[in-house]
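>>> What follows is a predicted structure for the sequence shown.
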Amino acid sequence: MLEDIFKSMPFFQTFLSTLKKGGHVFSYLIVSKDAFSANMVAKLFAQAIICPEMCNECENCKKLQAGGHPDVKIYPEKGKLLVEESKRIVEESFVKPIFAERKVLIVQNIENSTEEAQNKLLKSLEEPNEKVAYVLTSSFPEKILPTIKSRCIKVEVPPLPAQTVLPLLKGDDQEKSLAVAIGGGHLSKTLQLAERGDLQELALLAIELLVKLSSSKQAIMWSKRLIDKKEDFSLIMEIFGLVLEDALLLKTNKKAGIRLEGLRKQLNEVSDELSVKCLVALSGLIVKAMKEIGYNVNFPLVVDNLVMNILEVKYLCK
């Protein structure tokens, strides 16, 4: 089912059309914030390269589906790609394909490889063997060497629509809806979120902080609540941002489509309580707090400053 969804997307249909017309096979960089999706698409690219009809009936398709096609190799074998494995990939590129017309070498999550390993691959990408296709995947292309990216055709995989992801989840409808909203169309993230079972609790925590925080005395209590949720702080901040986005939408149209649809009643309260100026200013506080966390600033200090800044913004925007 999921494979059929990816195959129906415009980027894949364009790629498939090029292959069927006898177009050249180049090196590709499959990019998606969801590593699971990028790696699945890479395997679909491999199937299309060795069988442009994607018939699922020929010997090439059957061997690939069985996970044992000798002309399709997936790297790294474990962890991240190191120089020694890059050397083996280069050596493999000179070995003629056995069954298919071309050999496909997939390098998953190449951003995790060392700079030396990427440089080792570069010569093969610069002077490609016409019988070999490289398919690289990445969730963070900014971490890839520019010379590697310049030798590849970049293919961006769009997030999956909510109606596609929702049937794949199990559990409470409210939790599933929240997982889809927070996951933003990225399947692996959404599946992980759906298994938590506490998304509604975290969302209500973010909403209550916005609505109920009204004094410095309360700020101490709220700081403690957030500090106790240290492991979930980044997720709470992500939900906090969605709450503010939806509240802004409701400011302009109470019937607007929002991400956190299951919490519309509570979000209407946020929208009624806070001005547009306040909501925008609060969004900036989330960005600031997450940057400080990234810079390894003392966590309790970040939380204390965030709560006090929220209180100050609410006071100034009255």
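Received the coordinates, thanks.

>>> average pLDDT for stretch 211-223?
The average of the pLDDT scores along stretch 211-223 is 92.

>>> how does the protein divide up, domain by domain?
In the domain annotation for the chain, the residue ranges read 2-158, 163-194, 199-316 (automatic domain parsing).

>>> Any idea how far apart the tips of the last one sit?
To tie it back to what came earlier, the one meant is domain 199-316. Distance between the two ends of domain 199-316: 31 Å, counting by CA to CA, to the nearest Å.

>>> thinking again about what came up before, need the domains of the chain in JSON lines with mean neighbour count, can you?
C-betas here are computed from N, CA, C, even on glycine. Listed next are those as JSON lines, based on neighbours: other CB atoms under 10 Å:
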{"stretch": "domain 2-158", "mean neighbour count": "17"}
{"stretch": "domain 163-194", "mean neighbour count": "18"}
{"stretch": "domain 199-316", "mean neighbour count": "16"}
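
>>> From residue 246, how far out is the spatially most central residue of the chain?
The centroid of the chain falls nearest to residue 33 when counting by CA atoms, centre = their mean (2.6 Å). Taking CB to CB, to the nearest Å as the measure, residue 33 falls 21 Å from residue 246.

>>> now residue 300
29 Å.

>>> cool, and residue 150?
Going from residue 150 to residue 246 by CB to CB gives 40 Å.

>>> Also residue 136?
Using CB to CB, we find residue 136 at a distance of 36 Å from residue 246.

>>> Farthest from the middle of this structure: give me that residue.
Relative to the chain centroid, the chain (CA atoms, centre = their mean) has residue 217 farthest, 39.0 Å.

>>> and it, what element?
Here residue 217 sits within helix 216-228, counting by DSSP states H and E.

>>> Mind listing residues that contact that helix?
205, 209, 212-213, 233, 236, 299-300, 303-304, 306-308, 311 (CB atoms under 8 Å, 6 or more residues apart in numbering).

>>> could you give me the average pLDDT of stretch 115-133?
Mean pLDDT, computed over stretch 115-133, is 88.
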